[in-house]
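Asks: Here you go, sequence then predicted model.
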Amino acid sequence: MADKTATLRINDQDYELPILSPTKGPDVLDIRKLYGQADVFTYDPGFTSTASCDSTITFIDGDKGELWYRGYPIEQLAAKSSYLEVCYLLLYGELPSPEQMDDFSARVTRHTMVHEQMHNFFRGFRRDAHPMATMVGVVGAMSAFYHDSTDVNDEWQREVAAIRLIAKLPTIAAMAYKYSIGQPFVYPQNDLDYASNFLNMCFSVPAEKYEVNPALARAMDRIFTLHADHEQNASTSTVRLAGSSGANPFACIAAGIACLWGPAHGGANQACLEMLREIGTVDRIPEFIARAKDKSDPFKLMGFGHRVYKNFDPRATVMKESADEVLELLGIGDNPVLQVAKELEKIALEDEYFIEKKLYPNVDFYSGIILEAMGFPTSMFTPIFALSRTVGWIAQWKEMIGDPQNKIGRPRQLYVGSDKRDYVDLTKR
Ligand code: SDX
């Protein structure tokens, strides 16, 4: 992929760095041999200018606000596809034929139950534990149950682990929710589609019949699709780094869930709704905008800004349309929180601070409003993000494991600590 080179001059010595050309996006300087040739490291905390791998799965153009899964724009997939079809696309690279889709759907459906003994794990947690805490624990514990799909060097076991994770994460997330509200676990139903099954496991109770609202199931499915993958974000990079040591897939996904939980990442959807509720009314928006701009105040506008998108986040646009539809459907179109969100977006996008720093609403800005309207508590917002992103994590993990160039990830550092010194006995200090 290198037909051009860049010249780097260090201490009057020139070094030729191959330039790798992508299908789309900026060229990439290949610095793999730099340390060996020039005895220097590059420095990029937060990896703002660093490509950690090559990938064929997802492409983001932050300036144009574009997001493609295997080349297909997210807007088209959100409008025309289904989450399970998107899972097939992310895992295998192509849209499935009808037969392939039926086979894939049947394989996932048959893996939705968890080992019955896993129910005991939940009983070890406090009822008021955050569902993300239980999910990290229970998903990591899957490697204690599914020993026949933990050998990362066996392609068939990697395939089975991927299907098991996609199939079981909704069940585990629903169990975490049911446990937190003291209701009995609801088993998956094989005659329900993926999103309807999740809603049924969360909201049905043994005491009465529960009918899933098809429009809400479609909105749920669309939310899953919008969160499915996002190239080398923090949690995906965590999964890749954990996987690079040869750790089993369940442990790697548990690491991804732990990373996603942070409020700067997947935890922002919960933090955003809590912020909108704290703002409460439109007239208090200026106070919070001022706080977001105040360098001495650590407050940030949750659901705003993005490392890559310096234009609108295409997922936020679809999510905003979905929020209007769902709230209208539920007869709460005048939802005060939605009104605050829309006014906050309008004011922020006209403010020179947000314009100059290119801060736009991201995927987390509107998702919480829909999820709350559907009946989820804020504590379930990030678990829903995690179950949606599981296919992206596992697709990226499979791509890495299958890459012949794959080696353990081991960054270096700029050491600024103490120079070498001798130990001083306690009596002499
Ligand atoms: C997700 O990476 C992904 O792809 C993630 C994700 C995915 O699908 O996996 O898209 C999901 O994590 C979305 C982001 C959710 N997080 C939030 O909504 C939390 C609020 N946003 C910020 O924390 C922040 O915008 C980040 C973390 C999202 C991005 O941070 P960066 O890229 O490190 O940018 P930065 O913090 O350096 O910000 C640049 C400037 C700074 O000001 P200066 O130091 O240059 O003066 O913009 C300011 C920041 O202070 N800024 C904000 C702000 N976000 C950035 N100021 C106020 N409010 C904000 N939300």
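Replies: The structure has been received and is ready for your questions.
Asks: Would you mind naming what in the stretch 151-300 of the chain lies close to the ligand?
Replies: Residues of the stretch 151-300 of the chain found near the ligand (C-beta under 6 Å from any ligand atom) are 230, 233, 264, 265, 266, 268, 292, 300. C-betas here are computed from N, CA, C, even on glycine.
Asks: What subset of these is buried?
Replies: Using 16 or more other C-beta atoms under 10 Å as the burial test, those include 230, 233, 265, 266, 268, 292, 300 as buried.
Asks: Could you list the low-pLDDT ranges of the chain?
Replies: 1-2 (pLDDT under 70).
Asks: Would you mind listing the residues in contact with whichever residue of the chain sits closest to the ligand?
Replies: For the chain, the nearest residue to the ligand under the criterion C-beta to the nearest ligand atom is residue 305, separated by 2.3 Å. By C-beta atoms under 8 Å, 6 or more residues apart in numbering, the residues touching residue 305 are 357, 359, 360, 362.
Asks: I'd like the residues you listed as JSON lines, with neighbour count, secondary structure and distance to residue 16 appended.
Replies: Putting the contacts of residue 305 into JSON lines (neighbours: other C-beta atoms under 10 Å; DSSP: H, G, I helix; E, B strand; the rest coil; distance: C-beta to C-beta, whole Å) gives the following:
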{"residue": "357", "neighbour count": "13", "secondary structure": "coil", "distance to residue 16": "36"}
{"residue": "359", "neighbour count": "20", "secondary structure": "coil", "distance to residue 16": "39"}
{"residue": "360", "neighbour count": "23", "secondary structure": "coil", "distance to residue 16": "39"}
{"residue": "362", "neighbour count": "24", "secondary structure": "coil", "distance to residue 16": "39"}
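Asks: Now do the strands in the protein.
Replies: Under the criterion DSSP state E, the chain carries strands at the ranges 2-10, 13-20, 28-29, 58-61, 66-69, 72-73.
Asks: Turn those into CSV, including mean neighbour count.
Replies: Shown next, in CSV, are these (neighbours: other C-beta atoms under 10 Å):
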stretch, mean neighbour count
strand 2-10, 11
strand 13-20, 14
strand 28-29, 18
strand 58-61, 20
strand 66-69, 21
strand 72-73, 14
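Asks: so can I have TSV of those strands showing distance to the ligand?
Replies: Below are the strands of the chain laid out as TSV (distance: least, C-beta to the nearest ligand atom, whole Å):
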stretch	distance to the ligand
strand 2-10	25
strand 13-20	22
strand 28-29	18
strand 58-61	7
strand 66-69	9
strand 72-73	16
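Asks: Of all those, which one comes closest to residue 197?
Replies: Among those, the nearest to residue 197 by C-beta to C-beta is strand 66-69 (22.3 Å).
Asks: Direction included, what does the closest one pair up with?
Replies: Sheet pairing for strand 66-69, assigned by DSSP bridges, gives strand 58-61 (antiparallel), strand 72-73 (antiparallel).
Asks: Run the chain-centre distance for the longest one.
Replies: Think strand 58-61. 14 Å (C-alpha atoms, centre = their mean, to the nearest Å).
Asks: Let me see the residues that make contact with it.
Replies: Residues from elsewhere that reach strand 58-61 (C-beta under 8 Å, 6+ apart): 23-25, 66-71, 90, 229-231, 308-309, 392.
Asks: Go through the residues you listed and flag which are in helices.
Replies: Among the contacts of strand 58-61, DSSP state H puts 90, 392 in helices.
Asks: ok so, going back, what about the buried ones among the residues of the stretch 151-300 of the chain next to the ligand, which are in helices?
Replies: Per DSSP H, the subset of these in helices is 268, 292.
Asks: farthest pair in the buried ones among the residues of the stretch 151-300 of the chain next to the ligand?
Replies: 230 and 292 (23.6 Å).
Asks: Near residue 313, how many residues? Count them for me, please.
Replies: 27 (other C-beta atoms under 10 Å).
Asks: what separates the helix of greatest length in the chain from the chain centre, distance-wise?
Replies: Ranked by residue count under DSSP H, the longest helix found in the chain is helix 155-180. Mean-position distance between helix 155-180 and its chain equals 15 Å (C-alpha atoms, centre = their mean).
Asks: I'd like to know which of the buried ones among the residues of the stretch 151-300 of the chain next to the ligand is nearest to residue 220.
Replies: Looking across these and measuring by C-beta to C-beta, the closest to residue 220 is residue 266, at 16.9 Å.
Asks: residue contacts, that closest one?
Replies: Neighbouring residues of residue 266 by C-beta under 8 Å, 6+ apart: 235, 260, 364, 382, 385, 386, 389.
Asks: And residue 258, by the same measure?
Replies: 136, 238.
Asks: what does the one 5 residues further on give?
Replies: Residues touching residue 263, when contacts are defined by C-beta under 8 Å, 6+ apart, comprise 270, 271, 302.
Asks: and which of these is nearest residue 176?
Replies: residue 270 (14.0 Å).
Asks: count of residues packed around that closest one?
Replies: 26.
Asks: Is it in contact with residue 383, as I believe?
Replies: No - applying C-beta atoms under 8 Å as the test, residue 270 and residue 383 come out as separate, 9.7 Å apart.
Asks: wait, residue 105 sits on residue 84?
Replies: Yes - contact criterion C-beta under 8 Å: residue 105 and residue 84 qualify, at 5.7 Å.
Asks: Neighbours of residue 125, how many?
Replies: Neighbours of residue 125 (other C-beta under 10 Å): 17.
Asks: ok, it touching residue 134?
Replies: Yes - counting by C-beta under 8 Å, residue 134 is a contact partner of residue 125 at 5.2 Å.
Asks: Show me whatever sits in contact with both of these two.
Replies: Listed as contacting both residue 125 and residue 134 by C-beta under 8 Å, 6+ apart are residue 179.
Asks: Quick one: distance of stretch 364-380 to the chain centre.
Replies: So, by C-alpha atoms, centre = their mean, the centroid of stretch 364-380 is 16 Å from its chain's centroid.
Asks: now do stretch 247-265
Replies: 9 Å.
Asks: for stretch 385-400, same thing?
Replies: Worked out by C-alpha atoms, centre = their mean, stretch 385-400 lies 8 Å from the chain centre.
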